[in-house]
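Colleague: Sharing a model that was predicted from the sequence below.
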Amino acid sequence: MNITLAAKTRLPTPYGLFHLYGFVEEGGQEHLAMVMGDIAGDAPVLARVHSECLTGDALFSMRCDCGPQLEAAMHKIGEAGQGVIVYLRQEGRGIGLINKLRAYAEQDEGADTVEANEKLGFPADARDYSVAVAILAALGVKRVRLMTNNPRKLQALEACGVEISERVAHRVGASAENEKYLATKASRLGHLITD
Ligand SMILES: Nc1nc2c(ncn2[C@@H]2O[C@H](COP(=O)(O)OP(=O)(O)OP(=O)(O)O)[C@@H](O)[C@H]2O)c(=O)[nH]1
Ligand SMILES: [Zn+2]
């Protein structure tokens, strides 16, 4: 996977000052990395690989836990004074924004998150993490303490060559609105979110 660092700038936030890196992958898709502190080198870096969720990250949707997970990652990195969030533009687990909205419409009619994707002719999860690996390498990150509940994400990143020294549980944002969604992630996608 070839990526190009196209821009770098300051990003002051309520959680502290990040540096925002803009990357472009082959084919033109744009991705971001939010960096705090010095992350290059051998020491494990607190990290999140976050998949874009416009409805959750920007519109406060309570259908999922993405917005609170993004905010919690920024908060934890702010407290540590060091870390990175790789923000991948893989909306809707890779099927795109409008298709995710179509999947939501299927869910409004009773399908679960996996069945809805399948009804629309997509795999349950169409993400490719190789771009995240390329971005971490470009930032000089050798090993990470990864904030996630998704064992497939751990496996996929490890398979692409990222060394994960620790999984940091990242359970926030549960509500009555997303109870079924989170239960499906646990039962059908293997997420480590139930006790
Ligand atoms: N196709 C589809 N995508 C969804 C749905 N709900 C959330 N997403 C997308 O799922 C992605 C987030 O993935 P999740 O499976 O929730 O969590 P994860 O990032 O794999 O795991 P964590 O690291 O534990 O958060 C984002 O790209 C969301 O846009 C849905 O019902 N259908
Ligand atoms: Zn979401």
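Modeller: Looks like it came in fine. Ligands and ions are numbered 1, 2, ... in the order given.
Colleague: got the contact list for the closest residue to residue 2 other than its chain neighbours?
Modeller: Among residues not flanking residue 2 along the chain, residue 26 sits closest, at 4.9 Å (C-beta to C-beta, 6 or more residues apart in numbering). Where you see a C-beta, it was placed from the backbone N, CA and C, and this is true even at glycine. Shown in contact with residue 26 (C-beta atoms under 8 Å, 6 or more residues apart in numbering): 1-3.
Colleague: Would you mind listing the outside residues contacting the top helix by length along the chain?
Modeller: Determined from DSSP state H, the single longest helix within the chain is helix 66-80. Contacting residues not belonging to helix 66-80 are listed as 13, 15-16, 18, 34, 36-37, 46, 48, 50-51, 53, 55-58, 60-61, 83-85, 147, 168, 170, 172-173 [C-beta under 8 Å, 6+ apart].
Colleague: Please repeat the previous calculation with a cut-off of 7 Å.
Modeller: Helix 66-80 has contacts (C-beta atoms under 7 Å, 6 or more residues apart in numbering) with 13, 15-16, 36, 46, 48, 50, 53, 56-57, 60-61, 83, 85, 147, 170, 172-173.
Colleague: Contacting ligand 1 as well, which ones from those?
Modeller: With C-beta under 6 Å from any ligand atom as the criterion, the contacts of helix 66-80 include 53, 170 near ligand 1.
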